[in-house]
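> The amino acid sequence is not available; the structure is as follows:
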């Protein structure tokens, strides 16, 4: 994909969103898909699937500090379309995000659903995965592992998997202060690795400082993903406007992009969920 002609706003396809300057506005645009059998079970409640499709895209906007303008839906018809519409309606209402249009098709085989979210930047420059600097703190807005427990059937965490909530307000509040920011969709370790690589730095994480939903499954919590908390770096002088947990420090590039209690973690394939 990166060998194709790219718009400068694509950020080399190395970020969560495209950033386009149009007149006096800066637009933030993202597109994510969900496939049956990979991102949701064949027997999943389609209302939850619709909600999650909206929420995961809006989480990318949150990581850029953007305010949602609207979404475009790509919908493959199938079972329980009425339930899908119920979930879509609920998500759009809860996140104050209107539907702009899209396309609906009928086709055979497992379903694939796509959504494009368009946002308006609330501050510039728009935060990127790059930008972390030596001496910055590494922070997350909440614990990791809740979606994993919800997927496994824990009723206390089921909503974290079925109906995640994008940190839109937190992203807007943090955007003017952070040096780098992204959402935790593919696992804390892998996403921290991505910030380190994009910034040309090393992120040194402190195991004891990382909040997890189940300490007995600490390693899995760090790798499972689907948490949609915000991971960001900020200079020591930053006074954070939202609750967050400091989990490490940015260091000059060293033996590996990521350290956990000084242990180098250099193989991204072992750190979290990677798309094909």
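Thanks, I have the structure now. Predicted model only: the values in this text are computed from it and were never measured.
> Only C-alpha atoms from now on, for both contacts and neighbour counts.
OK.
> Distance check, residue 77 against residue 104.
Distance of residue 77 to residue 104, given as C-alpha to C-alpha, to the nearest Å: 7 Å.
> out of those two, which sits in the busier spot?
Set side by side, residue 77 and residue 104 show more neighbours around residue 77, with 16 against 12, by other C-alpha atoms under 10 Å.
> Contacts only, for that one.
By C-alpha atoms under 8 Å, 6 or more residues apart in numbering, the residues touching residue 77 are 104, 105, 106, 107, 111.
> Per-residue confidence, the third one, what does it come out as?
Residue 106 is assigned a pLDDT of 96 by the prediction.
> for the stretch 151-276 of the chain, what spans make up the helices?
Assigned by DSSP state H, counting those that start in this stretch, the helices in the stretch 151-276 of the chain fall at 158-162, 168-174, 188-199, 218-224.
> Could you look over the ones you listed and pick the most buried one?
Ranked by mean neighbour count, the helices of the stretch 151-276 of the chain are led by helix 188-199 with a mean of 24 (mean count of other C-alpha atoms under 10 Å).
> For it, give the mean pLDDT please.
Averaging pLDDT along helix 188-199 yields 97.
> what helices or strands is it leaning on?
strand 180-183, strand 201-205, helix 218-224, strand 230-234, strand 258-260 (3 or more C-alpha pairs under 8 Å, 6 or more residues apart in numbering; DSSP states H and E).
> List the beta-bridge partners for residue 73.
residue 102, residue 115 (DSSP bridges).
> Next, format the helices of the stretch 151-276 of the chain as JSON lines and append distance to residue 98.
JSON lines is the format used below for the helices of the stretch 151-276 of the chain (distance: least, C-alpha to C-alpha, whole Å):
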{"stretch": "helix 158-162", "distance to residue 98": "21"}
{"stretch": "helix 168-174", "distance to residue 98": "15"}
{"stretch": "helix 188-199", "distance to residue 98": "29"}
{"stretch": "helix 218-224", "distance to residue 98": "31"}
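> Residue 248: which of those is closest?
helix 188-199 (10.4 Å; C-alpha to C-alpha).
> What lies in contact with the closest one?
Residues from elsewhere that reach helix 188-199 (C-alpha under 8 Å, 6+ apart): 14, 129-133, 144, 180-185, 202-203, 222-223, 225, 231, 257-258, 268, 271-273.
> rerun that using 7 Å as the cut-off
Residues outside helix 188-199 that contact it (C-alpha atoms under 7 Å, 6 or more residues apart in numbering) are 129-132, 184, 202-203, 222-223, 225, 257-258, 268, 271-272.
> So which of those residues is the closest to residue 99?
Using C-alpha to C-alpha, the contacts of helix 188-199 come closest to residue 99 at residue 184, 25.2 Å.
> how far away is residue 13 from residue 54?
21 Å.
> So for those two, which residue has more residues nearby?
Using other C-alpha under 10 Å as the criterion, residue 13 and residue 54 rank with residue 54 on top: 29 against 14.
> how far is the one helix or strand the more buried one maps to from where the chain is centred?
If you go by DSSP states H and E, residue 54 is part of helix 46-62. Here the centre of helix 46-62 is set off from its chain's centre by 10 Å, with C-alpha atoms, centre = their mean, to the nearest Å.
> just checking, what packs against that helix?
Packing contacts for helix 46-62, counted by 3 or more C-alpha pairs under 7 Å, 6 or more residues apart in numbering; DSSP states H and E, involve strand 25-35, helix 81-94, strand 112-121, helix 168-174.
> okay if I get the ones you listed as CSV plus mean pLDDT?
Shown next, in CSV, are the helices and strands packed on helix 46-62 (pLDDT from 0 to 100):
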stretch, mean pLDDT
strand 25-35, 97
helix 81-94, 98
strand 112-121, 98
helix 168-174, 98
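> Out of those, flag the one nearest residue 159.
Closest of those to residue 159 is helix 81-94, at 13.3 Å (criterion: C-alpha to C-alpha).
> Now do the closest one against helix 46-62, angle only.
On the basis of axes from the mean of the first three to the mean of the last three C-alpha atoms, to 10 degrees, helix 81-94 is oriented at 30 degrees to helix 46-62.
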